[in-house]
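Enquirer: Can you look at this prediction? I've put the sequence above it.
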Number of protein chains: 2
Amino acid sequence: MSLPATIDESACCVPRVTSPLTAQQTEQVARVFKALGDPTRVALLSLIARSEGGEACICDLTDPVGLSQATVSHHMRLLAEAGLVTREQRGRWAYFAVNGNALAAAADALRPS
Amino acid sequence: MSLPATIDESACCVPRVTSPLTAQQTEQVARVFKALGDPTRVALLSLIARSEGGEACICDLTDPVGLSQATVSHHMRLLAEAGLVTREQRGRWAYFAVNGNALAAAADALRPS
C-alpha cells in the first residue's frame, strides 16, 4: 500500500468501519487505529492536548512518559504519519500539536453507517 | 494489568484521549484501538455490520476475508475481548454481532475533552 497513513480531514470522506470497505480503505482505517493502539502513544496524545497552547516540545514529553527521546520520537513519528498530530521544527526542537480534525474523523469512522 | 480489555458501555465513563489519563486508562483505551488497528479485523467488523440482522456466523466470514477459520477465530476473539463484538454459540457455530455501544464509546474517547 502506498497510501499515506492519514484519514482525510473532511468528514465526508472517512470510511465507516460498518460500511462496505475496499481493501485500501480497511488499510487506511486500520493504520490510524493502530497508531492509537499503544498506551505510550495514548499518553503522549493526552499530554500534548493538555499542554499550554495545545502544543508540546518533544523535550517536555520524555520525562512524563519515562522514555528516551529516541523512543518518544519514534512514537511521535507514528502519530504524525497517521495524521493525528502535526509537527513543527523550531530550531533544535520539534513541537507537536494534536490534530483535532483527524481525531474527529477517526471518531466518525466508528459511527453507524 | 488485570482489567478486562473493554470500554465501558456507558458513555459517561470512557476516558478521553485528550483528558488526563491514569496508566490504567491509557492501557484500556489503547487495547480497544489496538483491536481496531488491523485491516482484517476492520474488514470483519464491516462484514458483520452489513450482514442480515446485523450478525454473522463465523462460517460465513472466512471466505470473504480469504483466511482460515482458525485465523478468523483469533481475530474475532480479539474483537470480542475488546468488547467490540458480542459472541453467541449456537450448536456448532459461533455468531457475532457488532456492539454499537462499544463503537460509540470508542468514538467518544476521541472527542475533545
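Expert: Thanks, I have it.
Enquirer: tell me the secondary structure for the residue lying farthest from the centre of chain A?
Expert: Within chain A, A:P20 marks the point farthest from the mean C-alpha position, 24.2 Å out by Cα atoms, centre = their mean. The three-state assignment at A:P20 reads coil, by DSSP: H, G, I helix; E, B strand; the rest coil.
Enquirer: how close does it sit to B:L103?
Expert: According to Cβ to Cβ, to the nearest Å, A:P20 and B:L103 sit 17 Å apart. C-beta coordinates here come from the backbone N, C-alpha and C atoms, glycine included.
Enquirer: before we move on, what about A:P64?
Expert: As judged by Cβ to Cβ, A:P64 and B:L103 stand 30 Å apart.
Enquirer: Check the gap between A:A49 and chain B for me.
Expert: Using Cβ to the nearest Cβ, to the nearest Å, A:A49 is found at 4 Å from chain B.
Enquirer: what's the answer for A:D38, then?
Expert: A:D38 is 5 Å from chain B, by Cβ to the nearest Cβ.
Enquirer: count of residues packed around that residue?
Expert: The number of residues packed near A:D38 is 21, by other Cβ atoms under 10 Å in any protein chain shown.
Enquirer: residues near A:Q24, how many?
Expert: Around A:Q24 there are 13 other residues, counting by other Cβ under 10 Å.
Enquirer: Name the helix or strand for it, please.
Expert: Secondary structure assignment for A:Q24, by DSSP states H and E: helix A:23-36.
Enquirer: mind checking how far the next helix or strand after that helix is from the chain centre?
Expert: Proceeding N to C from helix A:23-36, the next assigned helix or strand is helix A:39-49, under DSSP H and E. From the chain centre to the centre of helix A:39-49 is a distance of 10 Å (Cα atoms, centre = their mean, to the nearest Å).
Enquirer: And for stretch A:21-37?
Expert: Remark: stretch A:21-37 is offset 12 Å from the chain centroid, using Cα atoms, centre = their mean.
Enquirer: ok so, going back, residues touching the residue farthest from the centre of chain A, list them.
Expert: B:S46, B:R50 (Cβ atoms under 8 Å, 6 or more residues apart in numbering or on different chains).
Enquirer: Looking at it now. What's its pLDDT?
Expert: On pLDDT, A:P20 comes in at 87.
Enquirer: A:A109 now?
Expert: With respect to pLDDT, A:A109 scores 89.
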